[in-house]
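> Give me a 3D structure for the following:
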Amino acid sequence: MIYAKIRSKEEQKRLDNALRTAKTKDWYLRLQIIALSAQEYNVKKLSEMFNLCHATIRNYIHSYNQGGLSELAPATRPGRPPKIAHWSREQWDEVLVRTPNQYEKLNTDSRQWTLEYLRLYLREYHGIDVSIASICNSLRKTGSRTGRSRLRAPSSSV
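As a prediction, the model looks like this:
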């Protein structure tokens, strides 16, 4: 029988902390499998509980036993990296603090930001061509407020 081997109290604390703070379901699932395996749940039982094949459970346990949590962590997923998803709130605020008419390349008299103006701004000033949905998702992730018809510039405390 193969079981996860937790070698110290410190390692157990790291596992417990990782379980509490797991942000994705894949990571939480792996951690839960290791925690239960350390309590001597066998591969067959874990396979039935999590509806995973025996080989997957064994791979998780082997990975953990060889390198701990760092070895167990899921690899980054393949695919094209996002163009603007990494933008921070501060980066968006730098853009939104000025109105569209203050950007010469936008060639507009508008004083209100729209998603279309942001799309044009990204194309003209950063050479990034993205969809409006990508812009909206990026703004939502950073917690930037968007209105129905316009984007609101951040308020500055003076």
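> what's near enough to touch S144?
The contact partners of S144, by Cβ atoms under 8 Å, 6 or more residues apart in numbering, come to 89, 92-93, 96, 151. For glycine as for every other residue, the C-beta is placed from the backbone atoms N, C-alpha and C.
> Now render the residues you listed as a markdown table, adding distance to L15.
Shown next, in a markdown table, are those (distance: Cβ to Cβ, whole Å):
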| residue | distance to L15 |
| --- | --- |
| R89 | 33 |
| W92 | 37 |
| D93 | 39 |
| L96 | 42 |
| L151 | 43 |
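> of all those, which comes closest to H62?
Distance to H62, by Cβ to Cβ, is smallest for R89 among those, at 40.9 Å.
> so where's the chain shaky on pLDDT?
146-158 (pLDDT under 70).
> 90 instead, please
The model of the chain has pLDDT under 90 over residues 1, 7, 22-25, 67-89, 93, 133-134, 136-158.
> Just give the nearest non-adjacent residue to Q12, would you?
I6 (5.1 Å; Cβ to Cβ, 6 or more residues apart in numbering).
> chain center to stretch 105-125: distance?
Averaged C-alpha coordinates place stretch 105-125 at 28 Å from its chain's average position (Cα atoms, centre = their mean, to the nearest Å).
> now swap in stretch 125-132 and tell me
In terms of Cα atoms, centre = their mean, the centre of stretch 125-132 is set 21 Å apart from its chain centre.
> try stretch 35-42
Between the centre of stretch 35-42 and the centre of its chain there are 29 Å (Cα atoms, centre = their mean).
> Quick check: end-to-end length of that stretch?
Chord length of stretch 35-42, first to last residue, is 12 Å (Cα to Cα, to the nearest Å).
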